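> Build the 3D model from these lines:
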Amino acid sequence: MDYRLDIDTLKELIKNQHKTGEINSVLPFAANEAKILLKGEFKTVLGEFTRQVSKQALENENDPLLIKEPTASYGGDEGSIIKKMTSNVKFQSEDDRHDLERLLQTLLFTNEKDIKAIKAIHPHIFMYYPLSEKKKGNLEKKVGTFLKDVLVGDNASEVSAVFNKDESEDILVSLILDHLNFLKEANQKKYYQALLPSVKNLFMKDFLLISKHKDFFIDHLQTLLNHYYFVYVSQLAFKFNLFNNADYSVVNPLYYTLEWESLNKRRKAFSDPLSFKGLRDRAEHVFPHMYTQAYYSHIMVNKDKKFMTYSELDELLNSCSEEERKKFIHDANIWIKYYADTKEIPLTHIAETHSEAFTMLYQLLKKGMSSEVCKNYGRLIEDAASGEFLKFRGSLGYTLNINQDFLLMITALAVGEERILLKQLFEEFNKRGITLDLNSQKEVVELLDNLNFIEKKSDSGDAQYVKPIL
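Residues are numbered from 1 along each chain as shown. Below you'll find the predicted structure:
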């Protein structure tokens, strides 16, 4: 096997600006759109995600339900989709027709003049959530595609089945679903490489669990998807910063606080490295880390052009012969010197090991890249927490936040369909990227006890269980 670097290709990738070439993408952001933020508006991403896993696209992205489409066959005014639904229904009077139309409008829209104000009365309705306009819509589309690739992958058919039309017991819902035919088939390619199998597996487990409970699923799918989006991108930020010491098979949970808690600066949600502050400190380094790994992924043995993490490169180079490893280090030094000369950055020494080559190139890229671009790219990582997962605590700054609804959702996922021991609850939280200090754990127990979700095995309270919420 050939452990040399493709130096000629690498030289081409930095001619005008930094590019990663044909190496697989692992994040849905681009440097030139780093100032575009979602700011907690995730409904549009959910819509794109459901279409992506179902290999569908909107026929009309500007008006997905054609509520503005004038159609002579059923009235020719706004609200045409509603008129179409009632066009084949027999009525005793026009008043009855108008009553049904008003009922259908109330059922399907919070505001029939707003194409984004669609109510999810059935999982299939998610597929009609439209994207925003222009650049923000482009980012939403990429994030939806990203989540399909890294959280679902080969399980797309299993996930898409949840969004199919089915026989509804509600005659009005059935009437609406029968007339929603504004999607077209689309060939959805894979664009992003998954790096965190444990996050993907846990998402699939949680998704399939809540899909059995229709009302809960409709109410919480957006929050679930948003949560896993944040977990995924924040985990990459922390793991990239660990170089080849990162373990991509496990989740390193971050400290959250409960929305109603009183806090001080000594709490771990403010002071611990695994806090939002810790994430913010690391987020601006994601951009140079990503490019460092992408450049070293141009090792000749990597025929599939996969993105190789520091850990994968380390394992590969430790498994080869000393002679082959020296060839890599030799080429790495050639590449490091070429980059340093191109960017007019002085070099003081050469790399003696492959690990040192990783660090040296990363440090050079930090100096050779625009600091503003790196910071803006980092803000896109932070932005994944915007909305209900982030709370401003005055002079203390921001903390990762859990409100009551999110707590009950994550508890429902952690417990599943069988009661579990209380200590297991917090272990399951950790698996899902959430850790709580002792003060927050006490608050959780108190709330769940007040809501009658805590079961004590004996009066002494030695063994406490958490009952299923679903």
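> For the lowest-mean-pLDDT helix or strand in the chain, name the packing helices and strands.
Every helix and strand of the chain was ranked by mean pLDDT, DSSP states H and E. The lowest is helix 80-86, at a mean of 81. Packing partners of helix 80-86 (3 or more C-beta pairs under 8 Å, 6 or more residues apart in numbering; DSSP states H and E): helix 94-108, helix 171-178. For glycine as for every other residue, the C-beta is placed from the backbone atoms N, C-alpha and C.
> now those helices in JSON lines, with mean pLDDT?
Listed next are those as JSON lines, based on pLDDT from 0 to 100:
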{"stretch": "helix 94-108", "mean pLDDT": "88"}
{"stretch": "helix 171-178", "mean pLDDT": "90"}
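> For Thr342, find the nearest of those.
Checking the helices and strands packed on helix 80-86 against Thr342 by C-beta to C-beta gives helix 94-108 as the closest, at 57.7 Å.
> between the closest one and helix 171-178, how many degrees?
Helix 94-108 and helix 171-178 are oriented at 80 degrees to each other (axes from the mean of the first three to the mean of the last three C-alpha atoms, to 10 degrees).
> Would you mark the buried spots in the helix or strand just after helix 94-108?
The first helix or strand that comes after helix 94-108 along the chain, using DSSP states H and E, is helix 134-147. Neighbour counts over helix 134-147 (16 or more other C-beta atoms under 10 Å) mark 136-137, 139-147 as buried.
> Turn the residues you listed into TSV, columns for pLDDT and distance to Val199.
Below are the buried residues of helix 134-147 laid out as TSV (pLDDT from 0 to 100; distance: C-beta to C-beta, whole Å):
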residue	pLDDT	distance to Val199
Lys136	92	25
Gly137	93	26
Leu139	94	21
Glu140	96	21
Lys141	95	22
Lys142	96	19
Val143	97	15
Gly144	97	17
Thr145	97	17
Phe146	98	13
Leu147	98	11
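> Dump the least confident helix or strand of the chain to CSV, restricted to CA.
What follows is helix 80-86, C-alpha atoms only, in CSV (Å, rounded to 0.1, in the frame of the first residue of the first chain):
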residue,chain,number,x,y,z
SER,A,80,-57.8,26.7,-3.4
ILE,A,81,-56.5,23.6,-1.7
ILE,A,82,-59.4,23.8,0.7
LYS,A,83,-61.9,24.2,-2.1
LYS,A,84,-60.4,21.3,-3.9
MET,A,85,-60.9,19.1,-0.8
THR,A,86,-64.6,19.9,-0.8
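> Now tabulate the buried residues of helix 134-147 in TSV and tack on distance to Lys457.
As requested, these are exported to TSV (distance: C-beta to C-beta, whole Å):
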residue	distance to Lys457
Lys136	52
Gly137	53
Leu139	50
Glu140	48
Lys141	51
Lys142	49
Val143	45
Gly144	45
Thr145	48
Phe146	44
Leu147	40
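> got JSON lines for the helices and strands packed on helix 80-86, with mean neighbour count and distance to Leu425 too?
Below are those laid out as JSON lines (neighbours: other C-beta atoms under 10 Å; distance: least, C-beta to C-beta, whole Å):
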{"stretch": "helix 94-108", "mean neighbour count": "15", "distance to Leu425": "37"}
{"stretch": "helix 171-178", "mean neighbour count": "16", "distance to Leu425": "35"}
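> returning to that earlier point: list the buried ones in the least confident helix or strand of the chain?
80-86.
> again, but for stretch 286-305
Of all the residues in stretch 286-305, those buried under the rule 16+ other C-beta under 10 Å are 286-299, 302.
> distance between the ends of that stretch?
20 Å (C-alpha to C-alpha, to the nearest Å).
> How about stretch 151-163?
16 Å.
> picking that back up, could you single out the nearest of the buried residues of helix 134-147 to Ser54?
Closest to Ser54, out of all of those and judged by C-beta to C-beta, is Gly144, at 11.5 Å.
> who's in contact with that closest one?
45-49, 51-52 (C-beta atoms under 8 Å, 6 or more residues apart in numbering).
> Can you give me the neighbour number for the closest residue to it other than its chain neighbours?
Using C-beta to C-beta, 6 or more residues apart in numbering and skipping residues adjacent in sequence, the residue nearest Gly144 is Glu48, 2.9 Å away. Residues near Glu48, counting by other C-beta atoms under 10 Å, number 26.
> residues of the helix or strand containing Glu48 that come out buried?
Per DSSP H and E: Glu48 is located in helix 43-53. Within helix 43-53, the residues scored as buried using 16+ other C-beta under 10 Å are 43-53.
> what's the farthest-apart pair in these?
Maximum pairwise distance in the buried residues of helix 43-53, criterion C-beta to C-beta, is 16.4 Å, between Lys43 and Val53.
> looking only at pLDDT, what's the mean for stretch 211-223?
Here stretch 211-223 scores 97 as its mean pLDDT.
> show me where the stretch 201-350 of the chain has strands.
254-258 (DSSP state E, counting those that start in this stretch).
> how about the helices in it?
Secondary structure of the stretch 201-350 of the chain (DSSP state H, counting those that start in this stretch): helices at 214-240, 268-271, 276-283, 286-296, 310-319, 322-342.
> out of those helices, which comes closest to Arg4?
Between these, helix 322-342 lies closest to Arg4; by C-beta to C-beta that is 5.0 Å.
> Show me the contact partners of the closest one.
Contacts of helix 322-342 (C-beta under 8 Å, 6+ apart): 1, 3-5, 7, 10-11, 14, 295-296, 299, 317-318, 345-347, 350-354, 357, 360-361, 364-365, 368.
> Just the buried ones from these, in PyMOL syntax?
A single PyMOL command selects the buried members of the contacts of helix 322-342 (16+ other C-beta under 10 Å):
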select buried, resi 3+4+5+10+14+295+296+299+317+351+354+357+360+361+364+365+368
